[in-house]
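**Student:** Model the structure of this input:
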Amino acid sequence: MENASSRTPYRLDPAGGCPHALNARLLAEGAVAPVELPGGIEGMVVLGHEALREFLQHPEVAKNARHFTALREGRVAAGWPLLTFATVPGMTTADGDDHRRLRSLAARAFTPRRVAELRPRVEELTDSLLDALADAAAADGVADLRRHFALPLPMGVIGELLGVDVEFQDRLHRLGDLVVATDTAPAEAIAANRELVAVLGEIAAAKAADPGDDLTSALIAARDEGGDRLSQEELIGTLLLMVIAGHETTLNLITNAVRALCAHPAQLALVRAGEAGWADVVEETLRWDAPVSYFPFRYPVRDLTLAGTLIPAGTPVLAGYSAAGRDPAAHGPDADRFDLAPAARDGAVRHLSLGHGAHYCLGAPLARLEAAVALERLFGRFPQLQLAVSEDDLTPHAGFVGNSVRSLPVRLTPPAS
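**Tutor:** Numbers count the residues shown, from 1 in each chain. Sure, this is the predicted structure:
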C-alpha cells in the first residue's frame, strides 16, 4: 500500500490550464495522487476510471464539510477560492437522508417527461441564438461561439426552469464565474459570494410575492410548508447550484464539442454520413474533454485505501473527471483520441463525467438534450463552420475545476477568395 505522503504533492495551478498533459503524467504514477490546493491545503485527486467509479459510490466517503479536517481545525481562510464548493448548503454538500430530501425537491424539474417537454423550447431558443450568432459575425464572418451561442443557450433554459428573468442572467453568470474560479482573490471571492447570495435572495423574494410554474416557486412552497423540508439557507444554496451547474457544465460541453469536431473533420464526416449520431458526439466529448476537470470535494470518513493508496480521513478529494475519461486502463491505448466509432458501434456510456452513484448529475438528461440539439442545428445552419484561430491561440478556462476555453472564435462561412 502506498502512503499519500510517499509522493510529492503536485501543486495545482489556481489559474488552471489544459489539464490533459498533467493528467497523463499523474496517472502514469498511479490512479490516486496527492495535490496541494490553494492556500497550501493538502488534498488528493482520483484520476483512474475504475478508482473514481469506486470512490464516487463508496459508503465511507462523505460530502458534508464537517468531515473536512483542515476546515474543522480553522486552517482554511474565509476567502479561500474553493470554500463555496465545500460549504454551500444544498444537495452537493449533503449526505444520506438530507441529500435524498434536497434532491427529491429539485428532481421534479428533471424527470424524463419534463425534459422531453422542454425540447421544443430548446429548439426554438437554439434557432434564435443561431440568428444572433450570424448577426455577431456579420462584419467579417467571425464570432465568439462561446459567448454568443454556447453560453446563452443553457443559461436561457435554466433561467426559464427557475423562472429567472433575462435581466438577471448575465449578472448570475459573471458572479458564478467568480465563485467557482480557483484563482479569484480572497476579497473578491467573499464579495462575489455575498452579491450572488443577495441576488438569489432577491429572485426568491420576487417569486414568493408572485409565484409561477417554475422550480423556484416550487422550492419556496416547500420552504413555506414548514417542518424540515427546506430551510432558507438550503433554498438559496439549491438555487446557486442550479444556476451554476445548470449552465456552466453545458456551456463547456457545447464549446468543447464544437472545438473537437472542428479539429477532427473526419469525425464530423461520420455524423454527416449517418454513421454516428449527435448523441455520440456528446458522449465522446464528455469522455474525451470532460466539461469539469477536478470537482471538489468528497472526504473519507475514516482512512481509506483506494487503488493501493492510503487517503487519510478528512482529506479533501477531487474527482478527476478529465483524467478518468482518458485513462488507458479503461479506454484503451488510444484513449486520448477523439473517436466516434466506438460510441456509435456499441452505444456504451463508459465515462464518469456526469458523476456516478447517489450524486449523479440531476440535470444530465437536460444537458445531453441541449448539447445534441445545439450541435445538430449549428452544423446544419453553418455546414462550413471552422475555427477562426489555431488551437494554440485558444486560451484555457480560468481555474482547475471547469475545463474549456475562454472564447471560441469561429468562422461561419469560408472567407471570400
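**Student:** residue boundaries of the strands in the stretch 101-250 of the chain?
**Tutor:** For the stretch 101-250 of the chain, the strands defined by DSSP state E, counting those that start in this stretch cover 142-144.
**Student:** which residues of it score low on pLDDT?
**Tutor:** 226-228 (pLDDT under 70).
**Student:** Let me see the contact set for the spatially most central residue of the chain.
**Tutor:** Among the residues of the chain, the one closest to the centroid is Thr249, at 3.2 Å (CA atoms, centre = their mean). Thr249 is in contact with Pro154, Pro291, Val292, Cys361, Gly363, Ala367, counting by CB atoms under 8 Å, 6 or more residues apart in numbering. Quick note: C-beta positions are derived from backbone N, CA and C, even for glycine.
**Student:** can you tell me how far the third one sits from Arg223?
**Tutor:** Pointing back at Val292 there. Relative to Arg223, Val292 is positioned 29 Å away (CB to CB, to the nearest Å).
**Student:** who's more crowded, those two?
**Tutor:** Val292 (24 against 18; other CB atoms under 10 Å).
**Student:** Please name the bridge partners of the more buried one.
**Tutor:** Following DSSP bridges, Val292 is listed with bridge partners Gly402.
**Student:** That one touches Tyr321, doesn't it?
**Tutor:** Yes. Shown here, Val292 and Tyr321 form a contact pair, counting by CB atoms under 8 Å, at 5.3 Å.
**Student:** Need the residues touching each of the two.
**Tutor:** Shared contacts of Val292 and Tyr321 (CB under 8 Å, 6+ apart): Ser353.
**Student:** any low-confidence regions in the stretch 251-400 of the chain?
**Tutor:** For the stretch 251-400 of the chain, the stretches with pLDDT under 70 are 342-349.
**Student:** what about the helices in it?
**Tutor:** For the stretch 251-400 of the chain, the helices defined by DSSP state H, counting those that start in this stretch cover 265-272, 278-288, 321-324, 328-331, 340-346, 364-381.
**Student:** ok, and which of the ones you listed has the densest surroundings?
**Tutor:** For the helices of the stretch 251-400 of the chain, the largest average neighbour count (mean count of other CB atoms under 10 Å) is found in helix 321-324, namely a mean of 28.
**Student:** Using PDB, write down the CA coordinates of it.
**Tutor:** What follows is helix 321-324, C-alpha atoms only, in PDB (Å, rounded to 0.1, in the frame of the first residue of the first chain):
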ATOM      1  CA  TYR A 321     -13.200  13.500 -14.400                       C
ATOM      2  CA  SER A 322     -11.000  14.800 -17.200                       C
ATOM      3  CA  ALA A 323      -8.300  12.300 -16.300                       C
ATOM      4  CA  ALA A 324     -10.700   9.300 -15.900                       C
END
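**Student:** pLDDT at Met1, what is it?
**Tutor:** We have a pLDDT of 56 for Met1.
**Student:** how near is the residue nearest to the centre of the chain to Leu385?
**Tutor:** As judged by CB to CB, Thr249 and Leu385 stand 23 Å apart.
**Student:** Next: His359.
**Tutor:** Counting by CB to CB, the gap from His359 to Leu385 is 36 Å.
**Student:** now Ala86: how far from Pro296?
**Tutor:** Look at Ala86 and Pro296: by CB to CB, they are 7 Å apart.
**Student:** so what sits against both of these two?
**Tutor:** Taking CB under 8 Å, 6+ apart as the contact rule, Ala86 and Pro296 both touch Pro316.
**Student:** where do the helices sit along the stretch 101-250 of the chain?
**Tutor:** Assigned by DSSP H, counting those that start in this stretch, the helices in the stretch 101-250 of the chain fall at 112-136, 145, 152-162, 166-180, 186-209, 215-224, 232-263.
**Student:** Just to check, Ala358 is in contact with Asp97?
**Tutor:** No. Using CB under 8 Å, Ala358 is not in contact with Asp97, being 11.5 Å away.
**Student:** who's more crowded, these two?
**Tutor:** Taking neighbours as other CB under 10 Å, Ala358 and Asp97 compare with Ala358 leading, 14 against 9.
**Student:** secondary structure class for the nearest residue to the more buried one once chain neighbours are set aside?
**Tutor:** Excluding its sequence neighbours, the residue lying closest to Ala358 (CB to CB, 6 or more residues apart in numbering) is His99, at 6.5 Å. Taking DSSP: H, G, I helix; E, B strand; the rest coil as the rule, one finds His99 in the helix state.
**Student:** Quick check: His99 touching His359?
**Tutor:** Yes. With contact defined as CB under 8 Å, His99 reaches His359; the gap is 7.5 Å.
**Student:** Now do the shared contacts for those two.
**Tutor:** Counting by CB under 8 Å, 6+ apart, the common neighbours of His99 and His359 are Lys63, Met91.
**Student:** Any idea how many residues pack against Asp127?
**Tutor:** So Asp127, with other CB under 10 Å, has 12 neighbours.
**Student:** let me redo that: Gly16
**Tutor:** For Gly16, the neighbour count with other CB under 10 Å is 22.
**Student:** Hmm, it is touching Phe400, no?
**Tutor:** Yes. Shown here, Gly16 and Phe400 form a contact pair, counting by CB under 8 Å, at 4.7 Å.
**Student:** Which neighbours do the two have in common?
**Tutor:** Both Gly16 and Phe400 are in contact with Thr182, Ser293, where contact means CB under 8 Å, 6+ apart.
**Student:** Right, I'll leave it there.
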